[in-house]
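>>> dropping a prediction and its sequence here:
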Amino acid sequence: MSIITLATDFGTVDGYVGAVKGVIKNIAPHVDLIDITHDLDSISKAAIALSRYYDRFPKGTIHLVIVDPTVGPERLPLILTDSRFTYVGPDNGIFSWVLRAAEKIASYAIHPAKVKTGEISSTFHGRDIFAPAAAMLASGRTPHEIGVKLEKPRLLEFPKPIIESGYATGEIIDIDKFGNLITNLGMRIVKEFSTVIIEDKQSVPLGKTYSDVEIGKPVAYIGSTGYLEIAVNSDRADKYFGVEIGKKVGLSK
Amino acid sequence: MSIITLATDFGTVDGYVGAVKGVIKNIAPHVDLIDITHDLDSISKAAIALSRYYDRFPKGTIHLVIVDPTVGPERLPLILTDSRFTYVGPDNGIFSWVLRAAEKIASYAIHPAKVKTGEISSTFHGRDIFAPAAAMLASGRTPHEIGVKLEKPRLLEFPKPIIESGYATGEIIDIDKFGNLITNLGMRIVKEFSTVIIEDKQSVPLGKTYSDVEIGKPVAYIGSTGYLEIAVNSDRADKYFGVEIGKKVGLSK
Amino acid sequence: MSIITLATDFGTVDGYVGAVKGVIKNIAPHVDLIDITHDLDSISKAAIALSRYYDRFPKGTIHLVIVDPTVGPERLPLILTDSRFTYVGPDNGIFSWVLRAAEKIASYAIHPAKVKTGEISSTFHGRDIFAPAAAMLASGRTPHEIGVKLEKPRLLEFPKPIIESGYATGEIIDIDKFGNLITNLGMRIVKEFSTVIIEDKQSVPLGKTYSDVEIGKPVAYIGSTGYLEIAVNSDRADKYFGVEIGKKVGLSK
């Protein structure tokens, strides 16, 4: 039984996600449809959320991600495949994290005429192009049969940390539901340093988990995806520090 | 494997949806349970959301819809069947769109004693009547076995567009998660006209998709369900125009 | 096909729930994964929500509940089993309602080394310990194989009603999505009395369902889980009475 995971920015209340699921089940009744989220609010959030779950799934899983604010002829409908997974969604950068991590990945532009099940609307390619494409792939069709090779899928800019002698500067790239601050400072960089400083002002002790500090106090630690995170025990770090995505986080010796 | 889709206004946090799912799985373990939404907030929203997904699913799908503010003896528990789908839920108008579109549909009032799995609570027919009814139907029981024929299921009033010479007047019947305005002006009416006017004041250009206009500008187009919609490229049309459901949308030549 | 139900406080947008689902599907591809909620906000809410659905599911169901604010070495990762269900989650009180209702239940502390699929993070035991443990149990491993017997799983304090001659005093223990007030006054206590009083001031008539009173008026009734609830017909009782969890509800003759 193939798995299709489904992540969108549709919310659920309008029935749009229902339509996507119906199209998939109609083409591939036996597919195992796994909801990831329908609350995404941006392309960059979709990209980082995907990076947290895609490689936990079994080989062969199809990851359908639909955050498509620029739906229309300007952006291509995309299929990506590597040795383990297939990805379907708009070519607008949502697969940036996957693409950066992948060793070898093939890209295809979906040919709408080969996947359409009726009229293709101008505003709902999730239902009319991406859903049938994912379902056809789950039913054994190859990317070659429904698309054409594409050279360079779109990548979001990824802010790289700056490493100087005795100092590294990264930034907050995500804030999760709990208010934890996720940075772009990877494990290998962090272990060269001993002090974490937010916005050139407040230093935060390094620990392993929330309870390494007293309730209400901040702590920095290597998060579950291998990047430096900053949390406050039993509280929100974003509120505590008054920071948002893009703010600087420094490391010193 | 039968499919049951599930749409409710329960939210998920209280465990009520969990109870409904447990009852279904207990009676029909092999059923493929598909979440649609648990965030509905009114009967009319349930009706319009359902209209967007029901006919995308494979033949034989059972659509369970539970928005039941008047739970109690005053409204009947309902089963509807046509040649493709079965619907289960309270007889309060949530199936209005389905009923209006259907050519031939049979209605039954569920006999609570024939579906109950224990005590029937006075306030949670979703768990105690609708869930077991849907699960029994998925397990091969017929509507006849668990209900009695019913004549006229309840219909919500549907505001019909008024068409005069050279002018048509419809209204906003839904606002989706993105703030897009969905009207009751169908494709066939719209193509007779060339200008869209909101609230007798602001005209909106006709296009095909959001990016037909500049960012921040409004556009009208035939939406994914065949009705005229009004959106603002990369923004919310409801905020832009300061309108709500029920406001007038006109068409002129 | 085994069922695993999944209730968390993760929200869905960050991809953490996706990671948990991926881990489960990787170990136990055929498991039937049922979403309960990802919107829990406290241990006590998790405990009461679980009490509403766990025993509706078929025998053999594994209930995975992850609300884990004190993740770390201070609380053990738990498995509970009785003659019908298995429960997996942190030992922080989330299983209090289950434990109080159970006649005979065995407790185990999960041995992290026996379930880990890679590095175990310090902050995401949901993905690294609870998910693989639940999936292994769904694949036929026994609690004995992956854990060690544990004596006393943690219990939350449960406020017991005080019953005096002619008067009983309980309290509001939950407020649901609709604003209904759920008390700790069980059916057997309630039937000895005839008057419900909120906060020693306002009396509420006893009825069976919302529509037993006029729109906008309050009514008390035995709720779907057997406890006294107070609602307002077509409105929110929490707003109507200006009350919150912990406030007193009295019964008199």
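Thanks, I have it. Numbers count the residues shown, from 1 in each chain, chains lettered A, B, ... in the order given.

>>> number of residues surrounding A:Arg236?
Other residues within reach of A:Arg236, judged by other C-beta atoms under 10 Å in any protein chain shown, total 16. C-betas here are computed from N, CA, C, even on glycine.

>>> check A:Pro29 too.
When neighbours are counted by other C-beta under 10 Å, A:Pro29 comes out with 16.

>>> which strand or helix spans the residue nearest to A:Asp35 when sequence neighbours are not counted?
Excluding the flanking residues, the one nearest A:Asp35 by C-beta to C-beta, 6 or more residues apart in numbering or on different chains is A:Leu6, at 5.8 Å. Using DSSP states H and E, A:Leu6 maps to strand A:3-8.

>>> just the mean pLDDT for the following helix or strand past that strand, thanks.
Using DSSP H and E, the helix or strand that follows strand A:3-8 in sequence is helix A:16-27. In this model, helix A:16-27 has an average pLDDT of 98.

>>> how about stretch A:108-119?
When pLDDT is averaged along stretch A:108-119, the result is 94.

>>> got it, and stretch A:162-180?
95.

>>> ends of stretch A:108-123, how far apart?
Start and end residues of stretch A:108-123 are separated by 21 Å (C-alpha to C-alpha, to the nearest Å).

>>> what do you get for stretch A:73-83?
30 Å.

>>> what about it, distance to the chain center?
Relative to its parent chain, stretch A:73-83 has a centroid offset of 15 Å by C-alpha atoms, centre = their mean, to the nearest Å.

>>> re the thing from before, relative to helix A:16-27, how tilted is the strand holding A:Leu6?
160 degrees (axes from the mean of the first three to the mean of the last three C-alpha atoms, to 10 degrees).

>>> ok, and what's touching strand A:3-8?
Outside strand A:3-8, the residues that touch it by C-beta atoms under 8 Å, 6 or more residues apart in numbering or on different chains are A:16-17, A:20-21, A:24, A:28, A:31-38, A:40, A:46, A:49-50, A:53-54, A:57-58, A:60-67, A:126, A:134-135, A:138, C:15, C:18, C:21-22, C:25, C:29.

>>> which non-adjacent residue is nearest A:His125?
Excluding the flanking residues, the one nearest A:His125 by C-beta to C-beta, 6+ apart is A:Val71, at 5.3 Å.

>>> wait, is the one you found part of a helix?
No - if the criterion is DSSP: H, G, I helix; E, B strand; the rest coil, then A:Val71 is coil and not within a helix.

>>> show the pLDDT at it.
You'll see A:Val71 listed with a pLDDT of 81.

>>> residues touching it, list them.
A:90, A:122-125, B:209-211.

>>> what do you get for A:Val13?
A:Val13 makes contact with B:37, B:39-41, B:45, B:49, B:177, according to C-beta under 8 Å, 6+ apart.

>>> if you set the cut-off to 7 Å instead, what comes out?
Neighbour list for A:Val13: B:37, B:39-40, B:45, B:49, B:177 [criterion: C-beta atoms under 7 Å, 6 or more residues apart in numbering or on different chains].

>>> before we move on, back to that, tell me the one of the contacts of A:Val71 nearest chain C?
Nearest to chain C among those, counting by C-beta to the nearest C-beta, is A:Pro90 at 18.1 Å.

>>> quick check: closest non-adjacent residue to the closest one.
A:Asp68 (4.5 Å).

>>> that neighbour contacts A:Asp128, doesn't it?
No - using C-beta atoms under 7 Å, A:Asp68 is not in contact with A:Asp128; the gap is 11.4 Å.

>>> where is the longest strand in chain A?
strand A:167-175 (DSSP state E).

>>> run through who's touching that strand.
Contacts of strand A:167-175 (C-beta under 7 Å, 6+ apart): A:48, A:159, A:161-162, A:181-185, A:189, A:193, A:238, A:243, A:245-252.

>>> so what are the sheet partners of whatever helix or strand comes next after it and their directions?
Once the chain leaves strand A:167-175, the next helix or strand it forms, by DSSP H and E, is strand A:181-186. Applying DSSP bridges to the sheet, strand A:181-186 is found paired with strand A:167-175 (antiparallel), strand A:227-232 (antiparallel).

>>> from the contacts of strand A:167-175, which land in helices?
Among these, the members found in helices (DSSP state H) are A:48, A:189, A:238.

>>> please name the nearest non-neighbouring residue to the second one.
Same thing as A:Ile189. Using C-beta to C-beta, 6+ apart and skipping residues adjacent in sequence, the residue nearest A:Ile189 is A:Ala168, 5.6 Å away.

>>> what is the one you found paired to in the beta sheet?
Partner residues in beta bridges with A:Ala168, using DSSP bridges, are A:Ile163, A:Leu251.

>>> which residues does the nearest residue to A:Gly93 once chain neighbours are set aside contact?
Across the structure, with C-beta to C-beta, 6+ apart as the measure, the residue nearest A:Gly93 apart from its sequence neighbours is A:Leu156 (4.0 Å). Applying C-beta under 7 Å, 6+ apart to A:Leu156 gives the contacts A:43-44, A:47, A:93, A:96.

>>> make sure A:Leu78 is indeed in a strand.
Yes - applying three-state DSSP, one finds A:Leu78 inside a strand.

>>> ok, it - contacts?
Per C-beta under 7 Å, 6+ apart, neighbours of A:Leu78: A:89-91, A:107, A:109-110, A:153.

>>> any idea how far it is from chain C?
Distance from A:Leu78 to chain C, counting by C-beta to the nearest C-beta, to the nearest Å: 19 Å.

>>> likewise for A:Ile222?
Separation of A:Ile222 from chain C (C-beta to the nearest C-beta): 8 Å.

>>> which residues are contacting the host helix or strand of A:Tyr108?
Using DSSP H and E, A:Tyr108 maps to strand A:106-110. Contact with strand A:106-110 is made by A:76-81, A:129, A:133, A:143, A:146-150, A:153, as judged by C-beta under 7 Å, 6+ apart.

>>> circling back to that earlier point, neighbour count for the contacts of A:Leu78 - can I get that in CSV?
Below are the contacts of A:Leu78 laid out as CSV (neighbours: other C-beta atoms under 10 Å in any protein chain shown):
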residue, neighbour count
A:Gly89, 28
A:Pro90, 27
A:Asp91, 21
A:Ser107, 21
A:Ala109, 18
A:Ile110, 28
A:Pro153, 22
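
>>> of those, which is the nearest to chain C?
For those, the nearest to chain C is A:Gly89 (14.6 Å; C-beta to the nearest C-beta).

>>> host element of the closest residue to the closest one other than its chain neighbours?
Distance criterion C-beta to C-beta, 6+ apart; nearest residue to A:Gly89, sequence neighbours excluded, is A:Val65 at 4.2 Å. A:Val65 belongs to strand A:62-66 when assigned by DSSP H and E.

>>> OK, contacts around A:Gly216?
Per C-beta under 7 Å, 6+ apart, neighbours of A:Gly216: A:232-235.

>>> tell me where the model's unsure across chain A.
In the prediction, chain A carries no residues with pLDDT under 70.
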